[in-house]
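>>> Everything below, folded, please.
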Amino acid sequence: MKIKYFEETDTLYIEFRNAEIMETRDYDDDTLIDIDAAGQVCGITVEHARQRVDLPTFSFEQIGRQAA
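Predicted coordinates:
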């Protein structure tokens, strides 16, 4: 997974996997969802990111699987 922020356009892009994008769907006026050939979400674009996301406060936490 990659997260990219483009300051010039105030755009945040979250890439879940590197796949060929077959379709981009509008979720709302400022959110686009990239879909691959299998119909899976492979990325999300957030326009006007500073207004919609708390960019200065970013953290990543990986939670391990619990034993069955």
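
>>> Now Glu20. Its backbone dihedrals?
phi -70, psi 130 (degrees, to the nearest 10).

>>> Actually, Gln51.
Taking degrees, to the nearest 10 as the convention, Gln51 sits at phi -80, psi -20.

>>> do Ile3 as well
According to degrees, to the nearest 10, Ile3 has phi -120, psi 130.

>>> Spit out the contact partners of it.
Leu12, Tyr13, Ile14, Glu15, Phe58 (Cβ atoms under 8 Å, 6 or more residues apart in numbering). No exception for glycine: its C-beta is placed from N, CA and C like everyone else's.

>>> now with 7 Å?
Ile14 (Cβ atoms under 7 Å, 6 or more residues apart in numbering).

>>> Look up the pLDDT of it for me, please.
Note for Ile3: predicted pLDDT of 88.

>>> which residue is nearest the centroid of the chain?
Ile14 (2.5 Å; Cα atoms, centre = their mean).

>>> in the sheet, who's paired with that residue?
Ile3, Ile44 (DSSP bridges).

>>> let's have the chain start at 138 instead
Got it, first residue is 138 now, which makes that one Ile151.

>>> thinking it is in contact with Cys179, fair?
No - Ile151 is not in contact with Cys179 according to Cβ atoms under 7 Å; the separation is 9.9 Å.

>>> Mind listing residues that contact stretch 169-187?
142, 147-154, 156-164, 167-168, 189-190, 192.
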